[in-house]
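[1] Make a model of this:
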Amino acid sequence: MVRILLAMRGGLLRGALRYVLSAEPDIDVVAECDAVSNAIDRVRGGEPDVTVLELDLLNDGDAGLDARRAAQEAHAELPDTKVLVLVDPRRPRFGSQIAATPPTIGFLAQSAPPDRVVDAIRRLVRGERVVDADLLAAAMTSTVPLTTGELRVLKVAAQGLSVKDIAANLSLSPGTVRNHLTRILAKTGAQNRIEAIHIARTSGWI
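    Got it, this is the predicted structure:
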């Protein structure tokens, strides 16, 4: 029996995945959590064989965190479990890096159908490499007009902070933050910061 930990935000996706996995005779969802710290505690307790991890759960604090680095950090913190990372195909800058990860870490698009999630889990348990071809293709063909620095500024700005507070949060000068915001508006075609944040979120950039 393959024991599964779902480390994902609550909601429809996690509920649907739990339902699908629980219906498999060789898979048992033993725990669920919506924070990486809780996942670490569960793994240390020896519960799961595979942790299904939502990438955004891991990198909420860093707009520039790519999938390989996120997965490696997860594996460093969860060394005794295999990790299946669910990634939004629209997320920038991960396609060229995921193939270099060890076979204990797999990648699958969040939009993958249930049978592919089940298959990916079984392949990980067998020691096979799991890299979603559709996810990789989407990553390689997608373009993001904003730089890493601009994405960092925009993600912090999405918290409703002032230019001064954004600057303090990112250890930048207020002038640098204003320059970033000006370039963000120009590149996205947004009329204001709120619209730029909406565009970035809808596009999966932050």
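[2] use CA for all of it now, contacts and neighbours both
    Noted.
[3] and after the helix or strand bottoming out on mean pLDDT in the chain, which helix or strand comes next?
    Counting by mean pLDDT, DSSP states H and E, the weakest-scoring helix or strand in the chain turns out to be helix 67-77, with a mean of 56. For helix 67-77, the following helix or strand on the C-terminal side (DSSP states H and E) is strand 82-87.
[4] then that next one to CSV, C-alphas only?
    What follows is strand 82-87, C-alpha atoms only, in CSV (Å, rounded to 0.1, in the frame of the first residue of the first chain):
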residue,chain,number,x,y,z
LYS,A,82,9.4,10.9,-2.7
VAL,A,83,7.9,14.2,-3.8
LEU,A,84,5.5,14.8,-6.7
VAL,A,85,5.4,18.5,-7.4
LEU,A,86,2.2,19.9,-9.0
VAL,A,87,3.0,23.0,-11.0
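[5] so what's Pro102 closest to, chain neighbours aside?
    Arg129 (7.9 Å; CA to CA, 6 or more residues apart in numbering).
[6] In three-state terms, how would the one you found be classified?
    What DSSP: H, G, I helix; E, B strand; the rest coil gives for Arg129 is coil.
[7] Check the gap between Val156 and Ile197 for me.
    From Val156 across to Ile197, the span is 10 Å (CA to CA, to the nearest Å).
[8] Give the rounded mean pLDDT of stretch 53-63.
    The average pLDDT within stretch 53-63 is 62.
[9] actually stretch 147-156, not the one I wrote
    Stretch 147-156 carries an average pLDDT of 91.
[10] Dump the C-alpha coordinates for that stretch into PDB.
    Provided in PDB are the C-alpha atoms of stretch 147-156 (Å, rounded to 0.1, in the frame of the first residue of the first chain):
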ATOM      1  CA  THR A 147      12.200  40.300 -15.000                       C
ATOM      2  CA  THR A 148      12.800  38.400 -11.800                       C
ATOM      3  CA  GLY A 149      13.200  41.700 -10.000                       C
ATOM      4  CA  GLU A 150      10.000  43.100 -11.400                       C
ATOM      5  CA  LEU A 151       8.100  39.900 -10.400                       C
ATOM      6  CA  ARG A 152       9.500  40.200  -6.800                       C
ATOM      7  CA  VAL A 153       8.400  43.800  -6.600                       C
ATOM      8  CA  LEU A 154       4.900  43.000  -8.000                       C
ATOM      9  CA  LYS A 155       4.400  40.100  -5.600                       C
ATOM     10  CA  VAL A 156       5.200  42.300  -2.600                       C
END
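[11] The spatially most central residue of the chain and Gly175: what is the separation?
    Residue closest to the average C-alpha location in the chain (CA atoms, centre = their mean): Leu55, at 1.9 Å. Remark: distance between Leu55 and Gly175 (CA to CA) = 32 Å.
[12] my guess is Val50 meets Lys82, correct?
    Yes: contact status for Val50 versus Lys82: in contact at 4.7 Å, counting by CA atoms under 8 Å.
[13] Thank you, goodbye.
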